[in-house]
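1. Take this sequence and fold it.
(one chain, ligands or ions: 2)
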Amino acid sequence: MDTVLSGIRPTGDLHLGNYFGALRNFVKMQNENNCYFFVADYHSLTTHPHPSDIQVNVKKILSQYLASGLDPEKATIYVQSDVPQVAELYMLMNMNAYIGELERTTTFKEKARQNPDNVNAGLLTYAVLMACDILMMHADKVPVGKDQEQHLEMTCKFARRFNQIYGVEYFKEPKAFNFGNNLIKVPGLDGSGKMGKSQGNGIYLIDEDKDIRKKVMKAVTDSGPTVENSPKPEVIQNLFTLMELVSTPDTVQHFDNLYNTCQIRYGDLKKQLAEDIIKAVAPVRERIKDIYNNEEYLNRVAAQGAEKAREQAAKTVAEVRHIIGFK
Ligand code: ADP
Ligand code: TRP
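-> Ligands and ions are numbered 1, 2, ... in the order given. Now for the predicted structure:
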């Protein structure tokens with residue numbers, strides 16, 4: 001049985017990018033694997049959230065995990081900061097991570113460019129902390145979206161380096177995972193690349209039907225094809241990419257044919273897309289509301305997950321300390 005692990009930072013509500021890029025795969029994997037899914041609250045500290053925001057956002061992610069179908073009886077669901085061993089492993093692994101490679105990380109460069117006044121050491125070593133989450137549980141597979149691919153490559157590099165330095169075969173190299181093999185990037189509908197919280201273009205699992213319709217109808221398009229079978233410009237391809245995630249293959253084919261014969265009306269496509277998104281997320285949304293308000297249940301899930309996660313974490317840290325030479 002493979003060990004699977006993944007996490008999401010508690011920085012707000014989950015959007016379709018999180019759901020289709022990562023979370024849906026968590027749900028599919030929990031039956032056949034030994035799964036760990038966690039809320040990456042240490043990671044969220046790079047932006048200095050207010051203490052009350054952390055609490056609310058951890059609760060949001062937990063309830064949205066559960067509402068999406070994660071089952072605490074099948075998977076270990078926990079909050080990262082409930083596992084203090086992560087901090088120790090992070091300190092130890094930082095000794096083998098080089099400034100140059102950390103500075104070259106795409107996400108670091110991007111964040112440093114976006115927030116030049118807050119280029120902190122935690123941001124620089126973000127990939128080390130993420131590697132520790134993964135290596136702590138000896139994960140084989142890590143379901144994530146395309147934007148996390150480089151972090152997984154770095155995790156493998158840190159694992160190899162540790163093994164080499166100490167002459168052991170201790171850490172295994174995990175794989176970024178998606179069922180279709182290629183990691184996916186869910187596009188935003190504003191023509192700006194990926195859907196994301198910080199991009200401000202999210203369609204959220206908690207959005208009401210009317211909000212979803214409004215967001216989809218506002219999607220950027222062009223004036224339409226004038227030559228048959230012409231390639232789709234990015235903003236149009238984005239609509240089709242989303243449609244492939246939520247609509248039936250027949251529906252996608254139908255609009256693809258209309259596009260290729262220059263008969264497409266984007267308004268019709270958007271209407272269909274909005275209804276299909278609603279169909280996909282409405283059941284999740286209804287469950288979120290119930291679970292979010294059931295504080296006792298959420299606390300129980302987190303406590304149960306923390307206990308299981310800490311057990312494995314304590315074992316890993318003890319082994320790592322031994323390998324390093326602390327007797
Ligand atoms: P955000 O980008 O909204 O801040 P996170 O960085 O917390 O979200 O991402 C949590 C998980 O969701 C990661 O596995 C990430 O790869 C995935 N994810 C986020 N946005 C997208 C997207 N647009 N397409 C595919 N996966 C995504
Ligand atoms: N870095 C991930 C993100 O921003 C979140 C994350 C933290 C994670 N630790 C992880 C994902 C371990 C997978 C495995 O989305």
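2. For residue 56, pull up the helix or strand it's in.
-> Per DSSP states H and E, residue 56 falls inside helix 51-67.
3. That helix and ligand 2, are they touching?
-> No - residues of helix 51-67 contacting ligand 2 under CB under 6 Å from any ligand atom: none, with a closest distance of 10.7 Å. C-beta here means a position set from N, CA and C on the backbone, and glycine is covered the same way.
4. quick one: buried residues of that helix?
-> Within helix 51-67, the residues that count as buried by 16 or more other CB atoms under 10 Å are 54, 57, 58, 59, 60, 61, 62, 63, 64, 65, 66, 67.
5. can you give me the offset of that helix from its chain's centre?
-> Mean-position distance between helix 51-67 and its chain equals 15 Å (CA atoms, centre = their mean, to the nearest Å).
6. now for it, which elements pack on it?
-> Under the contact definition 3 or more CB pairs under 8 Å, 6 or more residues apart in numbering; DSSP states H and E, helix 51-67 sits against strand 34-39, helix 41-44, strand 76-79, helix 266-293, helix 295-324.
7. what's the angle between it and strand 34-39?
-> Going by axes from the mean of the first three to the mean of the last three CA atoms, to 10 degrees, helix 51-67 is angled at 150 degrees with respect to strand 34-39.
8. Give me the contact list for helix 51-67.
-> 8, 10-14, 23, 26, 37, 39, 41, 44, 49, 72, 77, 79, 205-206, 284-285, 287-288, 291-292, 295, 298, 301-302 (CB atoms under 8 Å, 6 or more residues apart in numbering).
9. Could you tell me which residues of the stretch 151-300 of the chain lie near ligand 2?
-> Contacts of the stretch 151-300 of the chain with ligand 2, taken as CB under 6 Å from any ligand atom, map to residue 151.
10. All the helices of the stretch 151-300 of the chain, residue numbers only.
-> Assigned by DSSP state H, counting those that start in this stretch, the stretch 151-300 of the chain shows helices spanning 209-217, 234-246, 249-260, 266-293, 295-324.
11. Output the helix holding residue 56 as PDB, nothing but the C-alphas.
-> Only the C-alpha atoms of helix 51-67 are listed here, as PDB (Å, rounded to 0.1, in the frame of the first residue of the first chain):
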ATOM      1  CA  PRO A  51      -4.100  34.800  15.100                       C
ATOM      2  CA  SER A  52      -7.900  34.900  14.800                       C
ATOM      3  CA  ASP A  53      -7.500  34.500  11.000                       C
ATOM      4  CA  ILE A  54      -5.500  31.400  11.400                       C
ATOM      5  CA  GLN A  55      -8.100  29.800  13.600                       C
ATOM      6  CA  VAL A  56     -11.000  30.700  11.200                       C
ATOM      7  CA  ASN A  57      -9.000  29.500   8.100                       C
ATOM      8  CA  VAL A  58      -7.900  26.200   9.700                       C
ATOM      9  CA  LYS A  59     -11.500  25.500  10.500                       C
ATOM     10  CA  LYS A  60     -12.500  26.500   6.900                       C
ATOM     11  CA  ILE A  61     -10.000  24.100   5.300                       C
ATOM     12  CA  LEU A  62     -10.900  21.200   7.700                       C
ATOM     13  CA  SER A  63     -14.600  21.600   7.000                       C
ATOM     14  CA  GLN A  64     -14.000  21.900   3.300                       C
ATOM     15  CA  TYR A  65     -11.800  18.800   3.300                       C
ATOM     16  CA  LEU A  66     -14.500  16.900   5.000                       C
ATOM     17  CA  ALA A  67     -17.400  18.300   2.900                       C
END
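12. That helix and ligand 1 in contact?
-> No - Helix 51-67 stays clear of ligand 1 (CB under 6 Å from any ligand atom), getting no nearer than 8.9 Å.
13. report the angle between the axes of that helix and helix 295-324?
-> Using the same axes, to 10 degrees: helix 51-67 against helix 295-324 is 100 degrees.
14. Give the full set of residues in contact with the closest residue to residue 15 other than its chain neighbours.
-> Nearest residue to residue 15, sequence neighbours excluded (CB to CB, 6 or more residues apart in numbering): residue 202, at 3.5 Å. By CB under 8 Å, 6+ apart, the residues touching residue 202 are 13, 15, 16, 17, 188, 195, 196.
15. Show me the two of the residues you listed that sit farthest apart.
-> Maximum pairwise distance among the contacts of residue 202 (CB to CB): 15.5 Å, between 13 and 188.
16. So for these two, which residue has more residues nearby?
-> Higher neighbour count among residue 13 and residue 188: residue 188, with 24 against 17, using other CB atoms under 10 Å.
17. nearest spatial neighbour of the more buried one, skipping sequence neighbours?
-> Distances taken as CB to CB, 6+ apart put residue 201 closest to residue 188, at 3.6 Å, once the chain neighbours are dropped.
18. What is the neighbour count of that neighbour?
-> Neighbour number of residue 201 under other CB under 10 Å is 21.
19. Drop anything exposed from the contacts of helix 51-67.
-> Buried members of the contacts of helix 51-67, counted by 16+ other CB under 10 Å: 8, 10-14, 23, 26, 37, 39, 41, 44, 49, 72, 77, 79, 205-206, 284-285, 287-288, 291-292, 298, 301-302.
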